[in-house]
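Undergrad: Prediction below, plus the sequence it came from.
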Amino acid sequence: MNKNELLKKIAPCSLMCHTCSAYSDGVICKTSKTLLKYLDGIGEFYKKHIPDAVESYKNFEDVLCMYSAAPCEGCRSTEHNECSIKGCFLLECTKEHGIDFCGECNEFPCQKTTDLFEEEVYEQWLNGNQQIRDNGIEAYWESNAENPHYKAYKN
């Protein structure tokens, strides 16, 4: 994958837009659309053959519809709407510094991010940018592209 493609899929903070539920070109949105396509008609099938499953399926379908309508164009877009981290200034900051990721900055890790992130996200930010700094963006992508976006909250 070329660098421009990687930059669309990885935010300036190093978090993966690619796996974010709000990213319209991400794996969750695309997978939800695919599932809806292949599940077309199953609600009616359940009504006829498995009526006890209708309500559960309807709830599932509602969630798929929500994810398939992801509103965000990615953190590098002006259309990111601060949907993930309210008050995020990192796109503008990296542009001001002439870099693609926080980890490429001479001031990394800076104090400005301390109040921006929750503890779980701060650790992801710190570790992700250190990986980019040490190994480069391609290696970072290879080792993180399939990681669940929200796993830090599972602890």
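TA: Arrived safely, thanks for sending. Computed from a predicted model, the values in this text were never measured in an experiment.

Undergrad: ok, how many other residues are close to Asn4?
TA: 7 (other CB atoms under 10 Å). For glycine as for every other residue, the C-beta is placed from the backbone atoms N, C-alpha and C.

Undergrad: again, but for Ala70
TA: 20.

Undergrad: ok, the closest residue to it other than its chain neighbours - how many residues close by?
TA: Distances taken as CB to CB, 6 or more residues apart in numbering place Cys29 nearest to Ala70, at 4.0 Å, with adjacent residues excluded. By other CB under 10 Å, 20 other residues sit near Cys29.

Undergrad: Relative to Ala69, how far out is Cys29?
TA: Distance of Cys29 to Ala69, computed by CB to CB, to the nearest Å: 8 Å.

Undergrad: buried sites along stretch 20-33?
TA: For stretch 20-33, burial by neighbour count (16 or more other CB atoms under 10 Å) applies to 20-24, 26-29, 32-33.

Undergrad: And for stretch 96-103?
TA: Under 16+ other CB under 10 Å, the buried positions of stretch 96-103 are 100-103.

Undergrad: Ile132 versus Phe108, what's the distance?
TA: Look at Phe108 and Ile132: by CB to CB, they are 10 Å apart.

Undergrad: of the two, who's got more company?
TA: Using other CB under 10 Å as the criterion, Phe108 and Ile132 rank with Ile132 on top: 23 against 18.

Undergrad: Find the centremost residue of this structure, please.
TA: By CA atoms, centre = their mean, the chain has its centre lying nearest to Cys20, at 2.1 Å.

Undergrad: Please go through the protein and pick out the longest helix.
TA: helix 119-135 (DSSP state H).

Undergrad: quick check: mean pLDDT across that one?
TA: For helix 119-135, the mean pLDDT works out to 93.

Undergrad: Can you give me the buried ones in that helix?
TA: Residues of helix 119-135 classed as buried by neighbour count (16+ other CB under 10 Å): 121-122, 124-126, 128-133.

Undergrad: Dump the residues you listed into JSON lines; add distance to Tyr46 as well.
TA: Output for these, formatted as JSON lines (distance: CB to CB, whole Å):
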{"residue": "Val121", "distance to Tyr46": "39"}
{"residue": "Tyr122", "distance to Tyr46": "44"}
{"residue": "Gln124", "distance to Tyr46": "39"}
{"residue": "Trp125", "distance to Tyr46": "43"}
{"residue": "Leu126", "distance to Tyr46": "46"}
{"residue": "Gly128", "distance to Tyr46": "42"}
{"residue": "Asn129", "distance to Tyr46": "47"}
{"residue": "Gln130", "distance to Tyr46": "48"}
{"residue": "Gln131", "distance to Tyr46": "45"}
{"residue": "Ile132", "distance to Tyr46": "46"}
{"residue": "Arg133", "distance to Tyr46": "51"}
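
Undergrad: Alright, calling it a day.
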